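Colleague: Sequence first, predicted model second:
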Amino acid sequence: MKNANFHKAKVYVIAQDKGIRQSLKTVLFSKGFRTVQATGSLDLLVDAINLKDLPDLVITDVDFEDQDACELIFSIRNKRFGDDPYLPVVGMAWNPQPDLIHKVINAGFDFFVAKPFSAQQISERIEKIVYERQPFVVTGDYLGPNRHKDANRESKIPAFEVPNSLKSTAVDNLRKSDHRQKIRETNKAVNQQRLNQLAADIERLVALIVPDLDAKKVDSTTVENLDQLLEMLKHTRFHAVKDTQADIRDLCVTFYRTVKSLLTADGEINLSDVKKLQPLSDAVTAGLTKTQSTDDPSAQEQQIA
């Protein structure tokens, strides 16, 4: 195993407390980091994304009063902002409450540390990111480390290694252009896996919704399933990015309007809309399956599953 050389790695420390910023800079310099930018605002990371000049590691507060670190990291992970969804990120907060921890987990942070923390805790998490980074999983609405607490728990969702900017710089000594190429290659496989999962989620939800609507049984569970279906359709349209998936995007718009019509119906279910659900589901999921390997002869090698 090659020893990490952090001399060329760039780190952003984003902490509201000046003392915490200084403590983290001291820890990082002791590990060999030399390019450490410290600030009290997420604007530093936002500007870096806009300038396409990301750091190799981010250590940030998650309990800002006027900024949402979890939403920013979620947007990065899901390719809504920036061009490296696999950026290593460590979150931190004073006395975190369960709802905040839940947000951090769902945003896709690599690690979370509660303040006050020791230098050893920070050092250990950096080492784990470099040498033992947890594999990522992708679903319709999540990309990040596997959230299952039980490592032995069997999951049908594949886990996979992702590009690691800190390891690329500190261990592999990769050029930025080579690292970006790894990101592009991984993005293709991740996106297809996400679409596969979305197809399965859409099928599952429609199978639950249609019998209820046919029986005119509309309760809170039915409404919740319809809401989830709307979210899945939004995600599908966003991630169906290939030219060959234009028809799927159009179908998602029609599908979305049909589901929205059912949700906004004032107690009167339109049976013609109900009858559209299954054919629309079949068309969208069939289209997603069909496009798995049509564009790239080596797609089978790129598949995560």
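Modeller: Received it, and whenever you're ready, just let me know what you need.
Colleague: rest of the way, CA atoms for contacts and neighbours
Modeller: Fine.
Colleague: Would you map the helices across the stretch 151-300 of the chain?
Modeller: Across the stretch 151-300 of the chain, reading from the start of the chain, the helices by DSSP state H, counting those that start in this stretch fall at 165-170, 176-214, 220-239, 246-264, 271-290, 299-302.
Colleague: Residue 59 - that's part of a strand, no?
Modeller: Yes. Secondary structure assignment (DSSP: H, G, I helix; E, B strand; the rest coil) places residue 59 inside a strand.
Colleague: Just give the number of residues close to it.
Modeller: By other CA atoms under 10 Å, the residues close to residue 59 number 23.
Colleague: Can you give me the domain boundaries for this protein?
Modeller: Under the assignment named as automatic domain parsing, the residue ranges that make up the domains of the chain are 6-174, 190-290.
Colleague: avg pLDDT for the longest one?
Modeller: It refers to domain 6-174. For domain 6-174, the mean pLDDT works out to 93.
Colleague: any idea how far the residue of the chain most remote from its centre is from residue 213?
Modeller: For the chain, the residue at maximal distance from the C-alpha centroid (CA atoms, centre = their mean) is residue 268, at 37.6 Å. When distance is defined by CA to CA, to the nearest Å, residue 268 is 11 Å away from residue 213.
Colleague: Next: residue 59.
Modeller: Taking CA to CA as the measure, residue 59 falls 48 Å from residue 213.
Colleague: Same question for residue 75.
Modeller: For residue 75, the distance to residue 213 (CA to CA) stands at 34 Å.
Colleague: ok, now residue 242?
Modeller: Using CA to CA, one gets 34 Å for the distance from residue 242 to residue 213.
Colleague: Residue 108 too?
Modeller: Taken as CA to CA, the span from residue 108 to residue 213 is 35 Å.
Colleague: okay, the two: which has more neighbours?
Modeller: When neighbours are counted by other CA under 10 Å, residue 108 comes out ahead of the other of residue 108 and residue 213, with 28 against 18.
Colleague: residues near residue 135, how many?
Modeller: By other CA under 10 Å, 14 other residues sit near residue 135.
Colleague: what's near enough to touch it?
Modeller: 144-146, 159-162 (CA atoms under 8 Å, 6 or more residues apart in numbering).
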